[in-house]
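S.K.: Sequence and computational prediction follow.
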Amino acid sequence: PQGWHVAFKRERGAPEGDGAFDRLISWTERPEEGIKYFSGTATYEKGVNVSRERLADGRRVWLDLGQVDHVAEVFVNDQPLGVLWKSPFRVDITDAVKPGANHVKVKVTNCWKNRILGDWKIPADQRITWTLYPFYHDQKDAPLMESGLLGPVRVLSSCTVNLRP
C-alpha cells in the first residue's frame, strides 16, 4: 500500500478511528480542524517489504524517517526499537525485520502549541486545553508548528567494509 494508516490519540480533538494519509504532510496542512490543531501522539502504520538480499551477512537495514516533528517511537513487527528525538531520525531495524512483509509502526508526538492556538478559536466550553497565561501575544495570527511524520521515509541498507591499514 502507498499510504499510511494514522490514528490520533482519543479525546484530543482529532477524528476518531484510523485515517489514511496518501502522502506524508504536516498535520497543520490537513483540512480537518481536529488534525490541524492536534497536539499529542498519533500512530502511523504501514507494511514494508524487505528483500532477502538486504539481510545478507555483513549487511544492516535501517529505517530513515526523514523529517519528524517532534519525537518518534519506532516499532517493527511489534518490537520496540527506541525513541528518536533529533536528526537524523534513523534506527537500525536489522534484528526486527524478516524477508518479505513487515509491519512498521511509528508513534509521533508533537508540542502543545497548535492545540493551544486552535482552542483560542473556539468557545471556552469546547476547548481541550486551558492556560492561565497567554503564551502567544497575538494568538489569532501566531503561526502553527509543523507536526507529524513528514518523511520521506526510506529503508536503507549498509554493508561493512574493512579498510586496509
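M.R.: Yep, it's here. Quick caveat, the model's predicted, so the values are computed rather than measured.
S.K.: the bottom helix or strand of this protein by mean pLDDT?
M.R.: In the chain, no helix or strand scores lower on mean pLDDT, DSSP states H and E than strand 18-21, which sits at a mean of 86.
S.K.: name the helices or strands packed onto the longest helix along the chain?
M.R.: Ranked by residue count, the top helix of the chain under DSSP state H comes out as helix 113-119. Applying 3 or more C-beta pairs under 8 Å, 6 or more residues apart in numbering; DSSP states H and E, one finds that helix 113-119 contacts helix 33-36. Glycine gets a C-beta too; all of them are placed from N, C-alpha and C.
S.K.: mind checking how far the helix it packs on is from the chain centre?
M.R.: Counting by C-alpha atoms, centre = their mean, to the nearest Å, helix 33-36 is centred 16 Å from the centre of its parent chain.
S.K.: who does the closest residue to Gly17 other than its chain neighbours bridge with?
M.R.: Sequence neighbours aside, Ala7 is the residue nearest to Gly17 in space, at 6.9 Å (criterion: C-beta to C-beta, 6 or more residues apart in numbering). Beta bridges link Ala7 to Asp18, Thr43 when assigned by DSSP bridges.
S.K.: can you pull the contacts of Thr43?
M.R.: Val6, Ala7, Lys105, Val106, Lys107, Val108 (C-beta atoms under 8 Å, 6 or more residues apart in numbering).
S.K.: returning to that earlier point: mean confidence score for the longest helix of the chain?
M.R.: Taken as a whole, helix 113-119 has a mean pLDDT of 89.
S.K.: what distance separates the start and the end of stretch 17-30?
M.R.: End-to-end span of stretch 17-30 (C-alpha to C-alpha, to the nearest Å): 16 Å.
S.K.: pLDDT wise, what is Val104 at?
M.R.: Here the pLDDT value assigned to Val104 is 98.
S.K.: now do Glu146
M.R.: pLDDT at Glu146 comes out at 96.
S.K.: Now it: closest residue in space, sequence neighbours ignored.
M.R.: The shortest distance from Glu146 to any non-neighbouring residue, by C-beta to C-beta, 6+ apart, is to Ser26 (4.2 Å).
S.K.: ok, that neighbour - how many residues close by?
M.R.: By other C-beta atoms under 10 Å, the residues close to Ser26 number 19.
S.K.: On the pLDDT front, check the most far-flung residue of the chain relative to its centre for me.
M.R.: The outermost residue of the chain, judged against the average C-alpha position, is Pro165 (42.3 Å), by C-alpha atoms, centre = their mean. Here, the pLDDT recorded for Pro165 equals 77.
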